[in-house]
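Q: Sequence first, predicted model second:
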Amino acid sequence: MNRAFQPIRTQSALLRPFTLTDADAVLALSNEDSLVKWLPSQVYADRAHAVAVLEFLIDQYSSPCDPRLGPYVLAVEDPRTHDAIGHVGFSPLGHEVEIGFAIKESHQGRGVAAEVIAAASRWCFQSYSIDRILAITSSANSAAMRALERSGFEWRGNELMDFQGTLQPVATFALARSTTPGPTQS
């Protein structure tokens, strides 16, 4: 079982638990064009909706505190400004665990996503007895696929499935515990 989460510093980000003070940043991220396009289930109508989602996610840090049983989602913070610039987290997918992520458009194209995916995956493997982590993204989302590959995930194939509320082609990736590189925290 996971103990209290210790923030993880990477070269360009800090992974930490969400707080309710992140509500405005989460709302703004949820309404960016890229999130609306690729993750429409994570678009929030207003601040109250963002706060309700954060309250749920924050509650998951203590119960069940296990990504095999419920979501465990972390804020991605810009360490220079201390602003939340995205999220990375894990959730149950059948009998396995899936990683999900989003990075603010102004921080995309810099390798931040790959960096936080790798760091969060190492933490998940170290904290839980999980043999592999899955990732599923729209087959048309080339940026997400590149970030997954750069963080060590291997493409497993494409399939047609209900994803983000529509039947669409998706790409499936996996990262095995045995192939996970060692820590690169700073």
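A: Great, that's in hand. What you see is a predicted model; the values in this text were computed from it and never measured. Residues are numbered from 1 along each chain as shown.
Q: Residue 72 and residue 92 touch, don't they?
A: No. With contact defined as Cβ atoms under 8 Å, residue 72 does not count as touching residue 92 (9.9 Å). C-beta coordinates here come from the backbone N, C-alpha and C atoms, glycine included.
Q: can I get the CA coordinates of the lowest-mean-pLDDT helix or strand in the chain in CSV?
A: When the helices and strands of the chain are scored by mean pLDDT, DSSP states H and E, helix 33-38 comes last with a mean of 90. Provided in CSV are the C-alpha atoms of helix 33-38 (Å, rounded to 0.1, in the frame of the first residue of the first chain):
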residue,chain,number,x,y,z
ASP,A,33,-8.5,23.3,-27.6
SER,A,34,-6.2,20.3,-27.3
LEU,A,35,-8.0,18.9,-24.2
VAL,A,36,-11.4,19.6,-25.7
LYS,A,37,-10.3,17.7,-28.8
TRP,A,38,-8.5,14.7,-27.2
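Q: Which other helices and strands does that helix contact?
A: strand 96-103 (3 or more Cβ pairs under 8 Å, 6 or more residues apart in numbering; DSSP states H and E).
Q: Pull the residues that contact the strand it packs on.
A: By Cβ atoms under 8 Å, 6 or more residues apart in numbering, the residues outside strand 96-103 that reach it are 29, 34-35, 38-39, 42, 67-68, 73, 76, 85-92, 112-113, 116-117, 120-121, 124, 128, 130, 132-136, 144, 147, 175.
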